[in-house]
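Peer 1: next input, structure requested:
(chains A and B)
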Amino acid sequence: KAGVTQTPRYLIKTRGQQVTLSCSPISGHRSVSWYQQTPGQGLQFLFEYFSETQRNKGNFPGRFSGRQFSNSRSEMNVSTLELGDSALYLCASSLGGPTLDYEQYFGPGTRLTVT
Amino acid sequence: GEDVEQSLFLSVREGDSSVINCTYTDSSSTYLYWYKQEPGAGLQLLTYIFSNMDMKQDQRLTVLLNKKDKHLSLRIADTQTGDSAIYFCAEKVPGTYKYIFGTGTRLKVLA
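Peer 2: Below is the predicted model:
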């Protein structure tokens, strides 16, 4: 079974631009979560989607948004990029059913650099 | 608060045991996890423990849970150079799909 895939793996953008990152979960997984990882703040939860609905959201500004498609693939978007948005963005998938399953698997991440 | 705490660094000799500690935040957390991150990679789920357990062993890995003190530890027996990585503990916020991660412990294994 293929793992979680994220595209692109690396991205360089300029301040003020916007960016869209993509995540394909493990086949059969319906929950996708996004995290931001920086040296200073560590791993911070952004949001989680299940069946195209956002179920949980972290403490990030509205410039960070996401969506999930009917095939469970997810995208996250960051608008009006700031230097502080430079980070590794990680996507994780799980079954996400009503019983609150407990195993979450991560993709390799997208390294975003904002200049 | 939402801070899951870990010590930043640990250095051990190859063949020794490593013990990585974590203090989590919510005594009602039902699942607690250990992840491994190698350079340039995502997080790999190593093991997890359910809150009604005190200990879980999985090959070279032993997880100990002290719910009273909200303390979680990961013991790696016979540590190898390939175990050099950053180790994160994490808790699942009860009733949500949100996970809170610790600051990570960088394990360096000396040959």
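Peer 1: tell me the contacts of residue 32?
Peer 2: Unless you meant another one, I'm taking chain A. A:23, A:25, A:48, A:49, A:50, A:68, A:72, A:73, A:74, A:91, A:92, A:93 (C-beta atoms under 8 Å, 6 or more residues apart in numbering or on different chains). To be clear about C-beta, it is placed using only N, CA and C from the backbone, and glycine gets the same treatment.
Peer 1: other chain: chain B
Peer 2: Under the criterion of C-beta under 8 Å, 6+ apart, the neighbours of residue B:32 are B:24, B:48, B:49, B:51, B:63, B:65, B:72, B:89, B:90, B:91, B:92.
Peer 1: from those residues, which land in strands?
Peer 2: B:48, B:49, B:63, B:65, B:72, B:89, B:90, B:91, B:92 (DSSP state E).
Peer 1: what's across from the fourth one in the sheet?
Peer 2: Beta-bridge pairing for residue B:65 (DSSP bridges): residue B:72.
Peer 1: direction included, what does the helix or strand bottoming out on mean pLDDT in chain B pair against?
Peer 2: Within chain B, no helix or strand scores below strand B:99-101, which has a mean of 90 by mean pLDDT, DSSP states H and E. Next to strand B:99-101 in the sheet, as set by DSSP bridges, lie strand B:85-92 (antiparallel).
Peer 1: any chance you could list what contacts the partner strand?
Peer 2: So strand B:85-92 is contacted by A:43, A:100, A:102, B:4, B:6, B:20, B:22, B:24-26, B:29-39, B:43, B:46, B:72, B:74, B:98-102, B:104-107 (C-beta under 8 Å, 6+ apart).
Peer 1: what subset of the residues you listed is buried?
Peer 2: Among those, those scoring as buried are A:43, A:100, B:4, B:6, B:20, B:22, B:24, B:29-37, B:43, B:46, B:72, B:74, B:98-102, B:104-107 (criterion: 16 or more other C-beta atoms under 10 Å in any protein chain shown).
Peer 1: neighbours of residue B:55, how many?
Peer 2: Applying other C-beta atoms under 10 Å in any protein chain shown, we find 11 residues neighbouring residue B:55.
Peer 1: where's the closest residue to residue A:16 other than its chain neighbours relative to residue B:97, distance?
Peer 2: Among residues not flanking residue A:16 along the chain, residue A:80 sits closest, at 5.9 Å (C-beta to C-beta, 6 or more residues apart in numbering or on different chains). Applying C-beta to C-beta, to the nearest Å, the value for residue A:80 to residue B:97 is 27 Å.
Peer 1: more neighbours, those two?
Peer 2: residue B:97 (20 against 11).
Peer 1: residues in contact with that one?
Peer 2: Taking C-beta under 8 Å, 6+ apart, we find residue B:97 in contact with A:31, A:33, A:48, A:50, A:55, A:56, A:96, A:100.
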